[in-house]
Structure formats: C-alpha cells, structure tokens
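**Student:** Sharing a model that was predicted from the sequence below.
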Amino acid sequence: MSDIKISPTPKVVTKTERPRLHKVILVNDDFTPRDFVVKVLKSEFRVSESQAHQVMYTAHTRGTCVVAVYTKDVAETRATRATEAGRNNGYPLLFTTEPEQ
Ligand code: TYC
C-alpha cells in the first residue's frame, strides 16, 4: 500500500450574481415645458399619462425623480434617447443614470 493520500475532488461552486440595476433619473430645469416632459416620458418609457405627469411633477418640485430601473445598457440607452428628444427640440431636458444602492 502507498502512503499517498487522495483527497476528495474539490467541488466547484458557481455563484451567479444578478446584474446590478440602474436608475434612470429625470432632472428638473426651468425651460422645458411640462407638457413636453410628459410627452417624452410617455414615448420613451411607455408610462401612462398619469404616471408621466406624476414623475414630471415630482422632478419639477423636488429637483429629480426616478423614472424607471433597468439593466445598465438599457438604462443608458433610454436616458440618452430621452435627453436627445429634448435637445432635438431645443430644450435642456436631462435624464441621467446611476446604479441602484
Ligand atoms: N420646470 C419646468 C417648467 O416649469 C418643467 C419641468 C419638469 C422640466 C420636470 C424638466 O425634469 C423636468 N416648465
């Protein structure tokens, strides 16, 4: 008999973390008309008229409002498109993104 000890094969444990989600944030400004903000929220984020109005009004009164939460790529694409919609119409409307937590 040999003295070589054979240890059990180590188990490989794979842990898959969920991708971190990112918030799209609407930022208030003094120039973009309220109706235009509501229109962009409806067309770019597919929210209802009343949800869009609530989000717009929260940003208007508090400075910012979270619009929605997506994976990083989707959040950045939507924020860019929505910001461009404002710029294409001569408004400084701004959507930013930040990681959740
Ligand atoms: N504050 C703008 C106004 O009085 C309306 C507005 C609301 C603009 C929200 C941007 O994110 C915004 N016309």
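**Tutor:** Okay, I see it. Numbers count the residues shown, from 1 in each chain.
**Student:** Report whether the longest helix seen in the chain contacts the ligand.
**Tutor:** Identified as the longest helix of the chain according to DSSP state H is helix 72-88. No. Judged by Cβ under 6 Å from any ligand atom, helix 72-88 stays clear of the ligand, getting no closer than 8.5 Å. All C-beta atoms are positioned from the backbone trio N, CA, C, and that covers glycine.
**Student:** Only the buried residues of that helix, if you could.
**Tutor:** 75-76, 78-79, 82-83, 85-86 (16 or more other Cβ atoms under 10 Å).
**Student:** Just to check, residue 37 is in contact with residue 93?
**Tutor:** Yes. Residue 37 lies in contact with residue 93 (Cβ atoms under 8 Å); the separation is 6.5 Å.
**Student:** could you pull out the strands for the chain?
**Tutor:** 21-27, 64-71, 94-99 (DSSP state E).
**Student:** what inclination does the longest one have with respect to helix 72-88?
**Tutor:** Right, strand 64-71. 140 degrees (axes from the mean of the first three to the mean of the last three Cα atoms, to 10 degrees).
**Student:** buried residues in strand 64-71?
**Tutor:** 65, 67-68, 70.
**Student:** and those as CSV, adding distance to residue 43 and pLDDT?
**Tutor:** What follows is these, written out as CSV (distance: Cβ to Cβ, whole Å; pLDDT from 0 to 100):
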residue, distance to residue 43, pLDDT
65, 17, 98
67, 13, 98
68, 14, 98
70, 16, 97
